[in-house]
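*Asks:* Have a look at this fold, sequence not included:
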């Protein structure tokens, strides 16, 4: 016989943990599942990253996030969210993927599988999908993208010393990785389809990158796309003149963003807007078009991952729990 709980949460990131905290506060029995570890997406962040948000805005479940500085580091955030899990004594099944969800509101059957291949089942009255927006990268879809030198994530600059590095994009991840690898001794270039740094780049970083570009310390190819990637070079395409240029290259840091797991969401019967990528849901309750199944966190932003962060996605948990209590 399977366990029967009030709420199954698919995803144990900060917003999934916020759902778990809200459920515990309301006296509901909840279980969180994640195919990785707790806050797996934060683990993949750059090692020395500092959050844009203050610690107070990243707090969930009323657990104080107390640090010396106003903005927490990746390491501090990782420690904090694990403390929240401990504070609420949450049942978190790490490295256990939810493979299917069947049933209806009041009685859903979840099939799960651990990373060792052990299968399990669990029954829940309701399900929350909080899988985030980092299922897979937005690929360049160009020849050579499968070469080992192409990285869709960035963690630290030291492997790129004395190497020709091309950074794709001009958002926060692109700018910060370009600056760090430049200061670690790499020969850095940037390529971007626009003709300026993205408006969402952290304001204290903008003067730094602008000065590096102005001084020619980091070369930039505005209004260019990558056409082909070769083992020791990259071919760029000028979007205005339609001419190509081949430059020497050892590494490509494709900071092109990530996308949610649409296949899993669609498999649950949840409708997704083709244009925005937003799953159908009531913003007041976060319930989808499938009664009893809710979404939480950045998943609700669709393709626009800059619309929902931890600081506003954390409020989805209380909304969901309140809606469950009212139904």
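*Replies:* Alright, I've got the coordinates. What you are looking at is a predicted structure, and each value in this text was computed from that prediction instead of being measured.
*Asks:* Tell me the buried residues in stretch 105-118?
*Replies:* Going by neighbour count (16 or more other Cβ atoms under 10 Å), the buried part of stretch 105-118 is 108, 109, 110, 112, 113. Every residue, glycine included, has its C-beta placed from N, CA and C.
*Asks:* Okay, and the last one sits in which element?
*Replies:* When you say that, I think you mean residue 113. Assigned by DSSP states H and E, residue 113 falls within strand 107-114.
*Asks:* Just checking: what are the partner strands of that strand?
*Replies:* When pairing is defined by DSSP bridges, strand 107-114 lines up against strand 96-104 (antiparallel), strand 119-129 (antiparallel).
*Asks:* can you tell me the average pLDDT over it?
*Replies:* Mean pLDDT, computed over strand 107-114, is 97.
*Asks:* Figure out how far that strand is from the centre of its chain.
*Replies:* Relative to its parent chain, strand 107-114 has a centroid offset of 24 Å by Cα atoms, centre = their mean, to the nearest Å.
*Asks:* What segments of the stretch 51-200 of the chain are strands?
*Replies:* 91-94, 96-104, 107-114, 119-129, 136-137, 150-151, 164-168, 187-192 (DSSP state E, counting those that start in this stretch).
*Asks:* Of all those, which one is nearest residue 258?
*Replies:* strand 136-137 (5.4 Å; Cβ to Cβ).
*Asks:* Show the secondary-structure elements that the closest one is packed against.
*Replies:* Packing partners of strand 136-137 (3 or more Cβ pairs under 8 Å, 6 or more residues apart in numbering; DSSP states H and E): strand 258-259.
*Asks:* after the strand it packs on comes which helix or strand?
*Replies:* helix 262-267.
*Asks:* Please spell out which residues along stretch 248-264 are buried.
*Replies:* 249-261, 264.
*Asks:* follow-up on the earlier one: of the strands paired with strand 107-114, flag the one that's most buried.
*Replies:* Stretch with highest mean neighbour count among these: strand 119-129 (a mean of 21; mean count of other Cβ atoms under 10 Å).
*Asks:* Mind naming the longest helix for the protein?
*Replies:* Ordering each helix of the chain by length in residues (DSSP state H) puts helix 74-87 first.
*Asks:* Not counting sequence-adjacent ones, nearest residue to residue 189?
*Replies:* Leaving aside its sequence neighbours, residue 189 sits nearest to residue 219 (Cβ to Cβ, 6 or more residues apart in numbering; 4.3 Å).
*Asks:* Could I get the contacting residues of the one you found?
*Replies:* Taking Cβ atoms under 8 Å, 6 or more residues apart in numbering, we find residue 219 in contact with 188, 189, 190.
*Asks:* Give me the distance between the two termini of stretch 254-262.
*Replies:* 21 Å (Cα to Cα, to the nearest Å).
*Asks:* who does the helix or strand where residue 323 lies touch, helix- and strand-wise?
*Replies:* If you go by DSSP H and E, residue 323 is part of helix 316-326. Helix 316-326 is packed against strand 3-10, helix 14-25, strand 119-129, strand 293-295, with contacts defined by 3+ Cβ pairs under 8 Å, 6+ apart.
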